[in-house]
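1. predicted structure and sequence below. I'll ask about it afterward.
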Amino acid sequence: MKGSIRSITLLVTSLSLPTLAQAACDYYPNFRNAATFPSTITVPASLPVGGLIAKVSLSRPYPSGESRCSPSFPFQVTGRYAASDQVDLGPRLTGYRTNVPGVAVLIRQRSPEFHLFNSVNLHSYSGTETGLPWVIMHTMVEMEAHFYKIGNISAGTVPSGNLRQHFWQGRLIKTIALDNAVQFVVQSPTCDLAAGDVNRTINLDKIQLSNFTGNSAGKYNFEISATCSNASSVTFRFSGTPHSGDNYRFANTGTAPGVGLWLYSRIGGVESTIRANGTDSARTVPTSANRAVLPLGAAYWKVGTPGKGTLISTATVNITYN
């Protein structure tokens, strides 16, 4: 018996579906904490570099609660500033240069587990949290915004808006913002010579010609001062007519021949000639309690053969300040 064998080929295709491990958290907070400063802040010219201009607490409620998250979830921070804008403002304090020259902003916060504040990054970065399931605490007990002086300040305005936004898996969980624009104004310093020094006569003691055992005689110490507001230092600059016999000394319009005026400063107890020819005629002193005091001295100076008569000499002082 003749028969046939039929062959049936079955093509079996196996479709393998990969398992997508979707990261997730059981709590996605969405806190917004904002700083509200005065709309205009006047910065004293006397404030040193590194000085605190102003600070405020951020608005409440502060972040609280905890999140339990599966391994490997992405995060992203969007900040107003660049990492290159970072400036060191002290231990554990990192701020950022703002668009206003000389002004930096700092956000700092403290959790209940720590006594010290830590700075908050205000530049953009991203990454992936990996490892064992995460338990993340959000609770903060203090949050502050600071402005610092980091150089010479030019007037300008830091605009309002977000300083930092933090995302998990594309979901916004925290925002730190500046609620209002802040204009910075530099307070101009002012200084004036003390009233008694505007037109002052110094009377040297009468001396005998025999007192000239050296080049000088009849030293007389005194001070001049300036009254200031918001100034850190004052420069006193002297001018006058040099003596023909010694251009470091001031000319004598009196009757005594061979004698000029020696004018000198006494800063730190060191006698230093204030030259009448203008080559070394300025002295700078710091202000203290809104006053700058320059210790001075005056004396007769031998510029030839001294003779009997009078010494009359004039020196003019002008001031500049910072």
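-> Sure thing, it's come through.
2. where's the residue nearest to Gly151 when sequence neighbours are not counted relative to Gly90, distance?
-> Excluding its sequence neighbours, the residue lying closest to Gly151 (Cβ to Cβ, 6 or more residues apart in numbering) is Gly102, at 4.2 Å. The way it works is simple: take the backbone N, C-alpha and C, and place the C-beta from them, glycine included. To Gly90, Gly102 is 17 Å away according to Cβ to Cβ, to the nearest Å.
3. what do you get for Phe147?
-> For Phe147, the distance to Gly90 - Cβ to Cβ - is 14 Å.
4. name every strand pairing with the worst-scoring helix or strand of the chain on mean pLDDT and say which way it goes.
-> Within the chain, confidence by mean pLDDT, DSSP states H and E is lowest for strand 134-137 among all helices and strands, at a mean of 86. Applying DSSP bridges to the sheet, strand 134-137 is found paired with strand 66-69 (antiparallel).
5. partners of the very next helix or strand once past the partner strand in the sheet?
-> Per DSSP states H and E, the first helix or strand lying C-terminal to strand 66-69 is strand 73-79. Strand pairing for strand 73-79, using DSSP bridges, gives strand 125-129 (antiparallel), strand 161-168 (antiparallel).
6. show the pLDDT at the residue lying closest to Pro257 once chain neighbours are set aside.
-> With sequence-adjacent residues excluded and distances taken as Cβ to Cβ, 6+ apart, Pro257 is closest to Gly307, at 4.2 Å. The score at Gly307 is 95. That number is its pLDDT.
7. got it, and the one 10 residues further on?
-> On the pLDDT scale, Val317 is placed at 97.
8. OK, contacts around it?
-> Residues near Val317 by Cβ atoms under 8 Å, 6 or more residues apart in numbering: 193, 197, 224, 236-239.
9. farthest-apart pair in these, please.
-> Within the contacts of Val317, Asp197 and Ser239 form the most distant pair, 15.5 Å apart (Cβ to Cβ).
10. now the angle from the helix or strand following the least confident helix or strand of the chain to strand 161-168?
-> The helix or strand immediately downstream of strand 134-137 is strand 142-149, counting by DSSP H and E. Between the axes of strand 142-149 and strand 161-168, defined by axes from the mean of the first three to the mean of the last three Cα atoms, to 10 degrees, the angle is 140 degrees.
11. give the buried residues for strand 142-149.
-> 143-149 (16 or more other Cβ atoms under 10 Å).
12. which one of the residues you listed sits closest to Gly95?
-> Once Cβ to Cβ is applied, the member of the buried residues of strand 142-149 that ends up nearest Gly95 is Tyr148, at 5.9 Å.
13. how about that closest one: what's its closest non-neighbour residue?
-> Ala104 (4.7 Å).
14. where in the stretch 51-200 of the chain is pLDDT low?
-> 132 (pLDDT under 70).
15. tell me the spacing between Ala24 and Gln169.
-> 8 Å.
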